[in-house]
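Undergrad: sequence first, then the predicted structure, then my questions.
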Amino acid sequence: LGRSKDAVAPAPVGQPAPGAFLKAVSEALCLGPAVVISPSLSGMYSLPFLWCPRPGGAVAWVLLAGSVCVSPLQTPTLIVYGDQDAELGQASLNNLRHLPKHQVLVLQGAGHACYLDKPEEWHRGLLAFLQQLE
């Protein structure tokens with residue numbers, strides 16, 4: 001509404017946002033259980049939210065081309081990256097492969113913004129992951 005420059009970020013750049021931030025957004029929008037999709041380093045917002053208890057909880061987490069290192073999370077997780085992402089692709093997988101309920105989707109011929117490079121493959125992989133959730 002023309003006041004974006006006046007908005008205060010919930011946390012400094014590079015620091016995790018308080019879990020209450022996205023919790024409040026989710027509750028204000030009456031979202032209920034959600035699949036949280038985190039492109040790149042937006043995990044700084046989504047991870048605190050995933051750890052924050054809330055009614056309905058998160059059904060699943062989809063991490064796109066990120067390198068966030070997390071403690072064990074029991075939420076089903078889809079780790080997505082492009083095989084041409086030289087900076088964060090394999091590093092992301094190495095940081096996240098310890099998650100107990102994870103799956104991996106590697107988009108061949110895609111870079112860091114793999115979902116933009118290979119939209120059809122991204123959508124097919126995402127839908128397959130969502131369809132197998134309980």
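TA: Yep, it's here.
Undergrad: give the closest residue to the residue nearest the centre of the chain in space, chain neighbours not counted.
TA: Among the residues of the chain, the one closest to the centroid is Ser38, at 2.4 Å (Cα atoms, centre = their mean). Sequence neighbours aside, Ser46 is the residue nearest to Ser38 in space, at 4.2 Å (criterion: Cβ to Cβ, 6 or more residues apart in numbering). (C-beta placed from N, C-alpha, C; glycine too.)
Undergrad: same check, this time on Ala113
TA: Excluding its sequence neighbours, the residue lying closest to Ala113 (Cβ to Cβ, 6+ apart) is Ala65, at 6.8 Å.
Undergrad: residues touching that neighbour, list them.
TA: Contact partners of Ala65, counting by Cβ atoms under 8 Å, 6 or more residues apart in numbering, are 39-40, 80-82, 85, 88-89, 92, 112-115.
Undergrad: check the gap between it and Gly109 for me.
TA: 14 Å (Cβ to Cβ, to the nearest Å).
Undergrad: the longest helix along the chain packs against which elements?
TA: For the chain, the longest helix by residue count, based on DSSP state H, is helix 119-131. The contact analysis (3 or more Cβ pairs under 8 Å, 6 or more residues apart in numbering; DSSP states H and E) places helix 119-131 against strand 58-64, strand 77-82, strand 102-107.
Undergrad: where do the helices sit along the protein?
TA: For the chain, helices defined by DSSP H occupy the ranges 19-28, 43-51, 89-96, 114-117, 119-131.
Undergrad: how about the first one: buried residues?
TA: The reference is to helix 19-28. Gly19, Phe21, Leu22, Lys23, Ser26 (16 or more other Cβ atoms under 10 Å).
Undergrad: lowest average pLDDT across the helices and strands packed on helix 119-131?
TA: The weakest mean pLDDT among these belongs to strand 58-64, with a mean of 82.
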